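1. quick one, fold the following:
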Amino acid sequence: QVQLVESGGGSVQTGGSLNLSCVVEAPGRVFRANTMSWRRQAPGNQRELVASITRSGSTTYADSVKGRFTISRDNVYNTMYLMMNSLEPEDTAVYYCNADLFFDDGRNLNYWGQGTQVTVSS
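-> Okay, the predicted model is just below:
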């Protein structure tokens, strides 16, 4: 069973920092993680892209987080990270990991993590 396991959420004050991690777990499966991304959803809002990273390391960011957040990945350990600095109350949301996985049987499937809560208080 394929799972994306997120960790690192929590509560901080304005200006604080948090680091999120997302590990792709697929016991017994042979796969390659292609584009991975972090998305977030605040109450009453649609889920939005925060940042994405290709397998080769090309990145994109939402305008609202440019200069504050950094996305990175480790292809050996199938792990993606999000370093969040200078957090603002507007960053409060559930953060989700998303990944495109290519399997050795030729299938290309998209997966979501369960989400991790980030709360920034003023």
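
2. so who does N45 touch?
-> Counting by Cβ atoms under 8 Å, 6 or more residues apart in numbering, N45 makes contact with A93. The C-beta positions use only the backbone N, C-alpha and C, and glycine is treated the same way.

3. torsion angles phi and psi at it?
-> Per-residue torsions, N45: phi -110, psi 160 (degrees, to the nearest 10).

4. please report the distance of the residue lying farthest from the centre of the chain from R29.
-> In the chain, the residue that sits farthest from the middle, by Cα atoms, centre = their mean, is D105; the gap is 25.7 Å. Distance, D105 to R29, using Cβ to Cβ, to the nearest Å: 9 Å.

5. apart from its chain neighbours, what residue comes closest to G57?
-> Distances taken as Cβ to Cβ, 6 or more residues apart in numbering place R73 nearest to G57, at 7.4 Å, with adjacent residues excluded.

6. helix, strand or coil for the one you found?
-> strand (DSSP: H, G, I helix; E, B strand; the rest coil).

7. please name the bridge partners of it.
-> M80 (DSSP bridges).

8. kindly report the same for V118.
-> Bridge pairing for V118 - DSSP bridges - gives G10, A93.

9. need the contact list for T59.
-> Contacts of T59 by Cβ under 8 Å, 6+ apart are 51-53, 71.

10. now secondary structure, neighbour count and distance to S86 too, for those residues, in TSV please.
-> Listed next are the contacts of T59 as TSV, based on DSSP: H, G, I helix; E, B strand; the rest coil; neighbours: other Cβ atoms under 10 Å; distance: Cβ to Cβ, whole Å:
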residue	secondary structure	neighbour count	distance to S86
A51	strand	22	15
S52	strand	18	20
I53	strand	21	20
I71	strand	22	15
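
11. dump these to TSV, plus distance to N78 and pLDDT.
-> Formatted as TSV, the contacts of T59 follow (distance: Cβ to Cβ, whole Å; pLDDT from 0 to 100):
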residue	distance to N78	pLDDT
A51	18	98
S52	16	98
I53	13	98
I71	15	98
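
12. pLDDT on the host helix or strand of V24, on average?
-> Secondary structure assignment for V24, by DSSP states H and E: strand 18-25. Mean per-residue pLDDT for strand 18-25: 98.
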